[in-house]
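Build the 3D model from these lines:
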Amino acid sequence: MYVCEFGISYRIPNIKKVAGTNFWELRILGKDNIRVFCIGNKRDVHIIQIFNKKKQKTPLNEIRTAESRIHHLDF
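This next block holds a predicted model:
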């Protein structure tokens, strides 16, 4: 996986920073359009939330769930 090899950065084609948050969205494209919210640095990556994205806009409840989980990390 790109994230394990390169860390979280803009160099990876299917990852982007979620505006107004501290985490990134990794896009797994295909029939189900899975999204993975993660946070990390060059050494560690934490997966916060995985969900199916059905519409163009990311659901606010998924963002809120991810933000609440970040508070429980010692990161």
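
Do a quick rundown of the strands in the chain.
Along the chain, counting by DSSP state E, strands occupy 15-17, 24-28, 34-40, 45-52.

Next, format these as a markdown table and append distance to I63, mean neighbour count and mean pLDDT.
Just so you know, the C-beta spots here come from the backbone N, C-alpha and C atoms, and that holds for glycine as well. As requested, the strands of the chain are exported to a markdown table (distance: least, Cβ to Cβ, whole Å; neighbours: other Cβ atoms under 10 Å; pLDDT from 0 to 100):
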| stretch | distance to I63 | mean neighbour count | mean pLDDT |
| --- | --- | --- | --- |
| strand 15-17 | 13 | 14 | 86 |
| strand 24-28 | 10 | 18 | 88 |
| strand 34-40 | 8 | 19 | 90 |
| strand 45-52 | 9 | 16 | 90 |
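
how far does stretch 67-75 sit from the chain's center?
Distance of stretch 67-75 from the chain centroid (Cα atoms, centre = their mean, to the nearest Å) equals 13 Å.

quick one, what contacts F51?
Residues in contact with F51 (Cβ atoms under 8 Å, 6 or more residues apart in numbering) are I34, R35, P59, E62.

Any idea what it is bridged to?
For F51, the beta-bridge partners are R35 (DSSP bridges).

returning to that earlier point: nearest to W24 among the contacts of F51?
Distance to W24 across these (Cβ to Cβ) is lowest for R35, with 10.4 Å.

Now the two most distant members of the contacts of F51.
Comparing all pairs in the contacts of F51 by Cβ to Cβ, the longest separation belongs to I34 and P59, at 13.7 Å.

list the residues that contact both of the two?
F51, K53.

what sits against the nearest residue to N14 once chain neighbours are set aside?
Nearest non-adjacent residue to N14, counting by Cβ to Cβ, 6 or more residues apart in numbering: R27, 4.4 Å away. By Cβ under 8 Å, 6+ apart, the residues touching R27 are N14, I15, K16, N33, I34, R35.

Fine, thanks again, bye for now.
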